[in-house]
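> let's see this in three dimensions:
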Amino acid sequence: MPPERTEVQVRPGVDSDLVALTDIYNHYVRETPITFDTAAFTAEERRPWLLSHPEDGPHRLMVATETASPGTSQRILGYATSSAFRPKPAYTTSVEVTVYVAPDAGRRGVGTLLYKALFEALAEEDVHRAYAGIAQPNEASTRLHERFGFRYVGTYREVGRKFGRYWDVAWYEKDL
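Here you go, the predicted model:
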């Protein structure tokens, strides 16, 4: 019997994605230093985050889904966001971007598809520059960002403490 063929599609995030997106994020909260959140969230606690990423404008949420065969439900493989860089008005043309992939969906190009769709959407917006903070070490994320034209601009040393140790965050920027 041949393996089941799957197709990955990227689309804007919607309310019905919230539980799956929260589950993906909570994996990184509980198991990795990739995010500096230290306590898992409920889906309702994450709702304001979801609502802060409408389908248009500079703050977007793109979701990668996989459909195994017609009639089956879509499985969420990951997501990418562009969010406010800082809250002050002069920063409105800068965004901070991030991508999270389900733990069993890595090395399939999902992050690449998500960023491609996100940056295509942002091309129509009044956004000048994107920034990404990458907790170190994280070679896969560094490679992804460099592949999309991000340039290294500096490192905040031992800026976050999680799992009983301090972590550096390398900062990257990209012209949009």
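
> who's the residue positioned nearest the centre of the chain bridged to?
Residue closest to the average C-alpha location in the chain (C-alpha atoms, centre = their mean): residue 99, at 2.0 Å. In this entry, residue 99 is beta-bridged to residue 80, by DSSP bridges.

> gap between it and residue 138?
11 Å (C-beta to C-beta, to the nearest Å). C-beta: built from backbone N, CA, C; applies to glycine.

> same question, residue 29
15 Å.

> how about the strands of this protein, start to end?
Secondary structure of the chain by DSSP state E: the strands cover 7-12, 61-67, 75-84, 94-101, 129-135, 151-162, 165-175.

> can I get these in JSON lines with mean pLDDT?
Formatted as JSON lines, the strands of the chain follow (pLDDT from 0 to 100):
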{"stretch": "strand 7-12", "mean pLDDT": "93"}
{"stretch": "strand 61-67", "mean pLDDT": "93"}
{"stretch": "strand 75-84", "mean pLDDT": "97"}
{"stretch": "strand 94-101", "mean pLDDT": "97"}
{"stretch": "strand 129-135", "mean pLDDT": "98"}
{"stretch": "strand 151-162", "mean pLDDT": "98"}
{"stretch": "strand 165-175", "mean pLDDT": "98"}
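
> could I get the ones you listed as a markdown table with distance to residue 110?
Formatted as a markdown table, these follow (distance: least, C-beta to C-beta, whole Å):
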| stretch | distance to residue 110 |
| --- | --- |
| strand 7-12 | 6 |
| strand 61-67 | 5 |
| strand 75-84 | 5 |
| strand 94-101 | 5 |
| strand 129-135 | 17 |
| strand 151-162 | 23 |
| strand 165-175 | 19 |
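
> out of everything not next to it in sequence, what's closest to residue 103?
residue 27 (5.4 Å; C-beta to C-beta, 6 or more residues apart in numbering).
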